[in-house]
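Chemist: quick check, what structure comes out for this input:
(chains A and B)
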Amino acid sequence: GNSVTQMEGPVTLSEEAFLTINCTYTATGYPSLFWYVQYPGEGLQLLLKATKADDKGSNKGFEATYRKETTSFHLEKGSVQVSDSAVYFCALSERTGANNLFFGTGTRLTVIP
Amino acid sequence: KAGVTQTPRYLIKTRGQQVTLSCSPISGHRSVSWYQQTPGQGLQFLFEYFSETQRNKGNFPGRFSGRQFSNSRSEMNVSTLELGDSALYLCASSSGSLGSGRTSYEQYFGPGTRLTVT
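Modeler: Numbering: from 1, shown residues only, chains lettered A, B, ... in the order given. Below is the predicted model:
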């Protein structure tokens, strides 16, 4: 089956600190991988994606590399800002399936000045 | 382009009642997916509609149903509400075109409908 396991958190960092949120997956076939972000009171926004092994997704200073050998897609940012405070979700979609995403449990990030 | 819109944004219902939620996808998008978000279960896929047909279904009881209209707008219905149905219901749209050769599509989420069952 398909599943995503991510670091539970919450994670609290000081501004300009380095961020890593771990995400590993189990999937049949060759999934596409995503990171979504949810700001307070809002829906989900796609942060970045990778569709095949060794692809690196990046956006707004965030990066994640699709590692097939370790079935991982860890999210990183070199220097977080207060505005990055949100809940981050790792997700996968099946290669042969339709648009059903499998989500991790989410990691709440709080960045303090 | 306007984003995904969901109505209503907030809803309070009583156990045993039924409810209908609405989702208008981004113009030109033909696929609409629904998700339930709860603190205990996280984000779970309900179903997806494409060109008025249910294309995929998650593991939810038959009380949860949906449909899609010719303009791609979608509704989901929950009958005989239970307390455990209290959740944020998110709708997502994507182009989802068949035969394009792509195997995954970006999904754009709406702000959600917060349903409270008392």
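Chemist: may I have the phi/psi pair for the residue in chain A that chain B sits nearest to?
Modeler: Minimum separation of chain A from chain B (Cβ to the nearest Cβ) falls at A:Ser32, amounting to 3.5 Å. C-betas here are computed from N, CA, C, even on glycine. Phi and psi for A:Ser32, reported as degrees, to the nearest 10, are phi -100, psi 150.
Chemist: okay, and the beta partners of it?
Modeler: A:Ser93 (DSSP bridges).
Chemist: and stretch B:72-90, anywhere near chain A?
Modeler: Yes: using Cβ under 8 Å from any Cβ of the partner chain, stretch B:72-90 reaches chain A at B:Leu90.
Chemist: what about that stretch, distance to the chain center?
Modeler: Put simply, stretch B:72-90 sits 8 Å off its chain's centre (Cα atoms, centre = their mean, to the nearest Å).
Chemist: partner strands of the helix or strand in which B:Tyr89 is found, parallel or antiparallel?
Modeler: Assigned by DSSP states H and E, B:Tyr89 belongs to strand B:87-94. Counting by DSSP bridges, the strands paired with strand B:87-94 are strand B:31-38 (antiparallel), strand B:108-109 (antiparallel), strand B:113-117 (antiparallel).
Chemist: in the last one, what counts as buried?
Modeler: Buried residues in strand B:113-117, counting neighbours by 16 or more other Cβ atoms under 10 Å in any protein chain shown, are found at B:113-115, B:117.
Chemist: what of stretch B:6-13?
Modeler: Buried, per 16+ other Cβ under 10 Å, within stretch B:6-13: B:6, B:13.
Chemist: ok now that stretch, how far from the chain's centre?
Modeler: For stretch B:6-13, the distance to the chain centre is 13 Å (Cα atoms, centre = their mean).
Chemist: likewise stretch A:24-34?
Modeler: With Cα atoms, centre = their mean, you get 12 Å for stretch A:24-34.
Chemist: check which element follows the helix or strand that contains A:Leu13 along the chain.
Modeler: If you go by DSSP H and E, A:Leu13 is part of strand A:11-14. Following strand A:11-14 in sequence order, the next helix or strand is strand A:19-21 (DSSP H and E).
Chemist: strands paired with that following strand, and their directions?
Modeler: strand A:75-77 (antiparallel).
Chemist: count the residues that sit near residue 32.
Modeler: No chain in the question, so chain A it is. 23 (other Cβ atoms under 10 Å in any protein chain shown).
Chemist: wait, I meant chain B there
Modeler: Quick note: B:Val32 (other Cβ under 10 Å) scores 31 neighbours.
Chemist: that one contacts B:Ala92, correct?
Modeler: Yes: between B:Val32 and B:Ala92 there is a contact at 7.2 Å, judged by Cβ atoms under 8 Å.
Chemist: start to end distance for stretch B:12-26?
Modeler: 27 Å (Cα to Cα, to the nearest Å).
Chemist: any idea of the mean pLDDT in it?
Modeler: The average pLDDT within stretch B:12-26 is 98.
Chemist: same question, stretch A:51-58
Modeler: The predicted model gives stretch A:51-58 an average pLDDT of 92.
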